[in-house]
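> Here is the input, now give the coordinates:
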Amino acid sequence: MRNAVRHLRVDNGLTQGALGEAMGVSRQTINAIETERYTPSLPLALALARYFGTTVEEMFDDRENR
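You can find the predicted model right below:
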């Protein structure tokens, strides 16, 4: 699943560790989401969207072509 997590994190000046801490997950989990090796749970996806002031639909895209 494609996502905008890395873009939003970098634009907000956050490290993976800082974002992970804010979300209650590990830095490795944030890395896995950003590299599209892991699809977050619905609660984590909602928390990420709320944290960045966007929607889940704007953050995550399950379509093959963007």
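
> quick one, phi/psi of Asp61?
When read as degrees, to the nearest 10, the backbone of Asp61 gives phi -130, psi 120.

> Go ahead and confirm it touches Met1.
Yes: using Cβ atoms under 8 Å, Asp61 is in contact with Met1, at 7.0 Å. To be clear about C-beta, it is placed using only N, CA and C from the backbone, and glycine gets the same treatment.

> helices or strands next to the helix ranked longest in the chain in the packing?
Ranked by residue count under DSSP state H, the longest helix found in the chain is helix 42-52. Counting by 3 or more Cβ pairs under 8 Å, 6 or more residues apart in numbering; DSSP states H and E, the packing neighbours recorded for helix 42-52 are helix 16-23, helix 56-59.

> Leu19 reaches Gln28, doesn't it?
No: judged on Cβ under 8 Å, Leu19 makes no contact with Gln28 at a distance of 11.8 Å.

> Compare those two and say which one has the larger neighbour count.
Legend: neighbour count by other Cβ atoms under 10 Å for Leu19 and Gln28, higher for Leu19 (23 against 12).

> give the contact list for the more buried one.
With contact set as Cβ atoms under 8 Å, 6 or more residues apart in numbering, Leu19 has these partners: Val5, Arg9, Ile30, Tyr51.
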